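> Turn this into a structure:
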Amino acid sequence: MQLLAAVSNDAELMPSLVHALDQELGTVHAQPPFIWTVGHYGDGRALTRRRPVDAPATLHGLVPDVHSRVLLACRSQADVGEPAPHRFRRWLFGQVGDLSALSSVQAQVAERLPTDLGEELGHGSPGRLAFAMVLAELRRAGVLDDPLANPESVRKAAGAGFDAVVRMASEHGELRAGFSMSDGRQLLMRSAGVPLCIHERMGLEGLVEGPPDPARTDFKELVSALKRFRAVVVASDVVAPGWKPLPQGVSSIDLQLELRSEP
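Residues are numbered from 1 along each chain as shown. The predicted model follows:
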């Protein structure tokens, strides 16, 4: 399993960023029996897309036309019935690692969830249950359905939700996982035994098809856009120059690409 998430300053260039990551990170390629599922945003809605069996094995092969400032991707075994990222309204949630410790308490936790969360997410995979637990904390804080909620309030509520998942799982086994979720306004992350690494991308060398052609009428504008491009990328299982461990606790990246962390 693997988790990869990114926030960029230019939705139109997100496919080029993913293509560059495909080239830089060997672990980004998903060969059978693994498959990528991607969450992104379009027309203000949270969307998901899963790679068909006959699609190219690269992550970019799944998202060549996805123009979103926020992207959340998870690699899982092809036979997984409910692959992450999971979706609920405007929220996306991805995980990596082993959440099986939640399975033994799934029924009792699901009973305590708000009705809509329990019915939609409480009786599926452990990852869906973890998502529901975090969403329940967001609702408790009054920010789940508020698209204009204070980002700090969202971050704190999500942190409480992640803590609840870790605490519950730890009472019934060992939890080794990493989490990421988004409402389209910010990306939230928490490591719980699976290290997550972060990397800031400054500029792009070219588009998917290569360096810009000087013969293009928009050559200067395109070169300028590539130079201005910025992104912050978070991933698990990364061994590459320029990547560093994500701080402990819950962290967030907003659309201004600012990283904030709570202990």
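> did I read that right, residue 190 in a strand?
Yes. Looking at residue 190 with DSSP: H, G, I helix; E, B strand; the rest coil, it is inside a strand.
> Just give me the neighbour total for it.
Close neighbours of residue 190, defined as other CB atoms under 10 Å, add up to 25. No exception for glycine: its C-beta is placed from N, CA and C like everyone else's.
> With adjacent residues omitted, what lies nearest to it?
Taking CB to CB, 6 or more residues apart in numbering, and ignoring the residues beside it in sequence, residue 190 has residue 162 as its nearest neighbour in space, at 4.1 Å.
> Quick one: residues contacting that neighbour.
134, 179, 190, 192, 250 (CB atoms under 8 Å, 6 or more residues apart in numbering).
> Dump the residues you listed to CSV, plus pLDDT.
Putting the contacts of residue 162 into CSV (pLDDT from 0 to 100) gives the following:
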residue, pLDDT
134, 96
179, 96
190, 96
192, 92
250, 93
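> Now, of these, which are buried?
Judged by neighbour count, with 16 or more other CB atoms under 10 Å as the criterion, the buried members of those are 134, 179, 190, 192, 250.
> thought residue 9 was touching residue 17?
No. Using CB atoms under 8 Å, residue 9 is not in contact with residue 17; the gap is 10.5 Å.
> ok, the two, which is more surrounded?
Per other CB under 10 Å, whichever of residue 9 and residue 17 has more neighbours is residue 17, with 21 against 15.
> right, and the more buried one touches residue 4 too?
No. Counting by CB under 8 Å, residue 4 is not a contact partner of residue 17; they are 10.8 Å apart.
> ok, back up a step: for residue 9 and residue 17, list the residues in contact with both.
229, 231.
> who touches both of residue 17 and residue 4?
When CB under 8 Å, 6+ apart defines a contact, the residues bordering residue 17 and residue 4 alike are residue 233.
> Number of residues surrounding residue 120?
Residue 120 has 18 neighbours, counted by other CB under 10 Å.
> do you know how far the residue nearest to it when sequence neighbours are not counted is from residue 119?
With CB to CB, 6+ apart as the measure, residue 88 is the residue that lies nearest to residue 120, at 6.6 Å, once sequence neighbours are left out. Relative to residue 119, residue 88 is positioned 11 Å away (criterion: CB to CB, to the nearest Å).
> Could I get the CA-only coordinates of the helix of greatest length in the chain as CSV?
Once the chain is assigned using DSSP state H, the helix that runs over the most residues is helix 151-170. Extracted in CSV, the C-alpha atoms of helix 151-170 (Å, rounded to 0.1, in the frame of the first residue of the first chain):
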residue,chain,number,x,y,z
PRO,A,151,-9.2,26.1,9.0
GLU,A,152,-7.7,25.9,12.4
SER,A,153,-10.9,24.6,13.9
VAL,A,154,-11.1,22.0,11.2
ARG,A,155,-7.4,21.0,11.9
LYS,A,156,-8.0,20.6,15.6
ALA,A,157,-11.2,18.6,15.2
ALA,A,158,-9.5,16.3,12.6
GLY,A,159,-6.6,15.9,15.0
ALA,A,160,-9.0,14.8,17.7
GLY,A,161,-10.6,12.3,15.3
PHE,A,162,-7.2,10.9,14.3
ASP,A,163,-6.3,10.6,18.0
ALA,A,164,-9.6,8.7,18.6
VAL,A,165,-8.8,6.2,15.9
VAL,A,166,-5.3,5.6,17.2
ARG,A,167,-6.5,5.3,20.8
MET,A,168,-9.3,2.8,19.9
ALA,A,169,-7.1,0.7,17.6
SER,A,170,-4.3,0.6,20.2
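> buried residues in the next helix or strand after that helix?
Going down the chain from helix 151-170, the next helix or strand is strand 176-182, by DSSP states H and E. By neighbour count, with 16+ other CB under 10 Å as the criterion, the buried positions of strand 176-182 are 177-182.
> who's in contact with strand 176-182?
With CB under 8 Å, 6+ apart as the contact definition, strand 176-182 has outside contacts at 3, 5, 39, 46, 70, 72, 91-99, 130-131, 134, 158, 162, 165, 169, 187-196, 234, 236.
> Would you pull up how far that strand lies from the middle of the chain?
Chain-centre distance of strand 176-182: 8 Å, with CA atoms, centre = their mean, to the nearest Å.
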